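Student: Everything below, folded, please.
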Amino acid sequence: MKKIFEPMKMKHIETKNRLIRSATWEGIANPDGSITKETYDIYEELAKGGVGAIITGFTSVALHDYYFDGMMRLCDDTLIPQYKKLVDIIHAERTPVITQLALGAYYREKNGHFQQVEPDDMTVEEINYVIRQFIDAAVCAKEAGFDGVQIHAAHFFFLSRFISPSVNHRKDAYGGSTEKRARILLAIMDGIRKETEGLHITIKINSSDFTFGGLEKTESLAICKLLDQAGIDSIEVSGNGTSVSGIRPHVNEGYFAPFAAEVADNVSCPVIVVGGFRSLDTMEDVLNKTKIELISLSRPLLREPNLPNMMKNNPTAISKCVSCNACYSSPSHKCVFRGRD
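Tutor: Numbering: from 1, shown residues only. You can find the predicted model right below:
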């Protein structure tokens, strides 16, 4: 019988329990990707809160990625000491940490200006350049001491759009079929594996794009199988437009769990599921009725970073997160109710 508060051993990483802090956007880094004191404080609080492992927020692999302000970045060797400090803060609590490697969008320079370019309009050389950016960022992550990297192929950012049939209409080796659109993911994973040693490589993928003509469950499952066959270490299942409102404990938790369970039935690597979990008994019910191995949390840890410790000490404790999504419009994406309890 699987329990949330038991160690979980995966390739190159061991978590102290089955709760993962899912990558959550903060938007407070400096323009060059350097880390602010507030970022260090956020992650120290999370590590002290008892989560089994942490996946850091959106970390761009490119300097000229203008999709968001305040993105952390791993594209410059000079930033490695700052990220090593972040890793050390988290490791001080015996908590492993994975950095989420992402690209908001690809930008092409023209006459001193950068313009966003969609997958259809990219040259093969530009696609190869993006692959190289992810590999180089993983090398930086390894040097900074991260225990793993997560390839962000969800939420309709660049890689998610690249593998989506609603966006990618290419007719070459990188489009036209599920396998060809997924080739970029396999190339990134293979390159990271070849150029780093001992990193846990995971991926975050949409169960569905929830958009007309987009990636649906059948195709997402096919991509997960391809990744598993190629040696991915774990898969986190999410979906486009993830933050569903109106989640209530024991009522409508775990909205991606059914698809994640299907993925777990068809792959050999551990499957992680995020999305609407609020109670310990519901999470353990999912673990024990499926082959899913880990649960990841986002919004509940904004409200209560110490929620894992609370649940460990009191199994009947439930998250105070009311799924209002006001955190998206708050400074640093913090819960607007913190301090009002």
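Student: Okay, now stretch 5-24: how far is its last residue from its first?
Tutor: Start-to-end span of stretch 5-24 (C-alpha to C-alpha, to the nearest Å) is 22 Å.
Student: I meant stretch 151-170, not that one.
Tutor: End-to-end span of stretch 151-170 (C-alpha to C-alpha): 22 Å.
Student: Any buried residues in that stretch, and which?
Tutor: In terms of neighbour count (16 or more other C-beta atoms under 10 Å), stretch 151-170 has its buried residues at 151-165, 167-168, 170. C-beta here means a position set from N, CA and C on the backbone, and glycine is covered the same way.
Student: go on, stretch 260-270?
Tutor: 260-264, 267, 269-270.
Student: thought I13 was touching F146?
Tutor: No: with contact defined as C-beta atoms under 8 Å, I13 does not count as touching F146 (10.2 Å).
Student: Show me what E14 is bridged to.
Tutor: E14 has these beta-bridge partners by DSSP bridges: K9.
Student: quick one: contacts for C269?
Tutor: Under the criterion of C-beta atoms under 8 Å, 6 or more residues apart in numbering, the neighbours of C269 are 11, 228, 232-235.
Student: Show me those residues that map onto strands.
Tutor: Using DSSP state E, 234-235 are the members of the contacts of C269 that sit in strands.
Student: now the contacts of C269 in a markdown table, with distance to L294 and pLDDT?
Tutor: Conversion of the contacts of C269 to a markdown table gives the following (distance: C-beta to C-beta, whole Å; pLDDT from 0 to 100):
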| residue | distance to L294 | pLDDT |
| --- | --- | --- |
| K11 | 13 | 96 |
| D228 | 16 | 98 |
| I232 | 14 | 98 |
| D233 | 12 | 98 |
| S234 | 8 | 98 |
| I235 | 10 | 98 |
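Student: What's the ChimeraX line that selects buried ones from the contacts of C269?
Tutor: Restricted to buried positions by 16+ other C-beta under 10 Å, the ChimeraX selection for the contacts of C269 reads:
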select :11,228,232,233,234,235
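Student: Kindly provide the distance from G33 to V61.
Tutor: Using C-beta to C-beta, to the nearest Å, G33 is found at 10 Å from V61.
Student: Who has more neighbours out of the two?
Tutor: V61 (27 against 21; other C-beta atoms under 10 Å).
Student: And the pLDDT for that one?
Tutor: At V61, the model reports a pLDDT of 98.
Student: Now do it against R170, distance only.
Tutor: 21 Å.
Student: hmm, back to that, who has more neighbours out of I13 and F146?
Tutor: More crowded of I13 and F146, by other C-beta under 10 Å: F146, with 28 against 19.
Student: show me the contacts for that one.
Tutor: Contact analysis of F146 by C-beta under 8 Å, 6+ apart lists 83, 87, 97-99, 199.
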